[in-house]
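> fold the stuff below for me.
(one chain, ligands or ions: 1)
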Amino acid sequence: MITVHLRFYEELNDFLPRKLRKVRFEKKLKFSTTVKDVIESCGIPHTEVKLILVNGKSTDFNYHINDKDDISAYPIFESMDISGLTKIESSLPEELKFIAGRNLGKLVRNLRLLGFDVVHDQYAKNSEILRKMKEDNRILLARNRNILMCNEVQYGSYIYSNEPFKQTVEVVQRFKLVDVINPITRCSLCNSLLEPVQKKEILHRLEPLTRKYYDEFVRCIKCDKIYWHGSHHIKLRQFIKRVEEEVKKNR
Ligand SMILES: [Zn+2]
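Residues are numbered from 1 along each chain as shown. So this is what the prediction gives:
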């Protein structure tokens, strides 16, 4: 039997039962395993851990634990200086593309409005989500921590908030997207790219006031939805401003 002590910091405590939050606690294990397995056995997805100290020394996920080890784990957002310590590998795919788990429909729509590539199927099974994630080298966004604890997940992010605006800020902040926001380039319904379309081609599909006041239109190359720089565009600009302000505040 191996006995270790664990202490989790900051928002990693959100994943723990109340009595284990912000305290050092004991865990008994039948055999030695990696520190990654020990941390995940406490309910904490590996994607959320940025730094692990074992007996005061930084390690990576592959460290095999020994009896009486003292383990501390810190999250992604913890704003401490960890230069010189072994950070958990946080490299990202060259192209930032996402796949969202279930119950994130509004976050998905927001991210697409900002121009980001996000695949989402509300009815997909976990196995299908993981397959698509691997196939396209996508970053998994999830409210469900169990899917993030799957071994296949190389790039992932737990979504802490249940409010779509805050969720959007979380993603923009974590993946440093604020400077690459590119609105009205991607369809919020189906994630395909938008292309300019001549007004005369779609005239018959426009409401009288839209026809009268707007001249520039884009349409989705896949589902044919039409977008124009109308009042919803002003709202979108305001939304982007709020996201940018919130990201700045949290820096
Ligand atoms: Zn579309």
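> tell me which other helices or strands the biggest helix by length in the chain touches.
When the chain is scanned for its longest helix (criterion: DSSP state H), the result is helix 231-250. Packing partners of helix 231-250 (3 or more Cβ pairs under 8 Å, 6 or more residues apart in numbering; DSSP states H and E): helix 105-113, helix 164-174. Backbone N, C-alpha and C define where each C-beta goes, glycine included.
> mind checking which of those helices is nearest the ion?
Closest approach to the ion among those (Cβ to the ion): helix 105-113, 9.2 Å.
> list the buried residues of the closest one.
107, 108, 109, 110, 111, 112, 113 (16 or more other Cβ atoms under 10 Å).
> distance of the fifth one relative to residue 159?
Going from residue 111 to residue 159 by Cβ to Cβ, to the nearest Å gives 11 Å.
> who touches both of these two?
Common contacts of residue 111 and residue 159, defined by Cβ atoms under 8 Å, 6 or more residues apart in numbering, comprise residue 171.
> okay, strands next: where are they in the stretch 51-200 of the chain?
Assigned by DSSP state E, counting those that start in this stretch, the strands in the stretch 51-200 of the chain fall at 57-59, 70-75, 98-100, 118-120, 139-142, 156-158, 194-197.
> just the buried residues of the second one, please?
What it means is strand 70-75. Counting neighbours by 16+ other Cβ under 10 Å, strand 70-75 gives 71, 72, 73, 74, 75 as buried.
> then stretch 149-162?
Residues 149, 150, 153, 154, 155, 156, 157, 158, 159 are the ones in stretch 149-162 that count as buried (16+ other Cβ under 10 Å).
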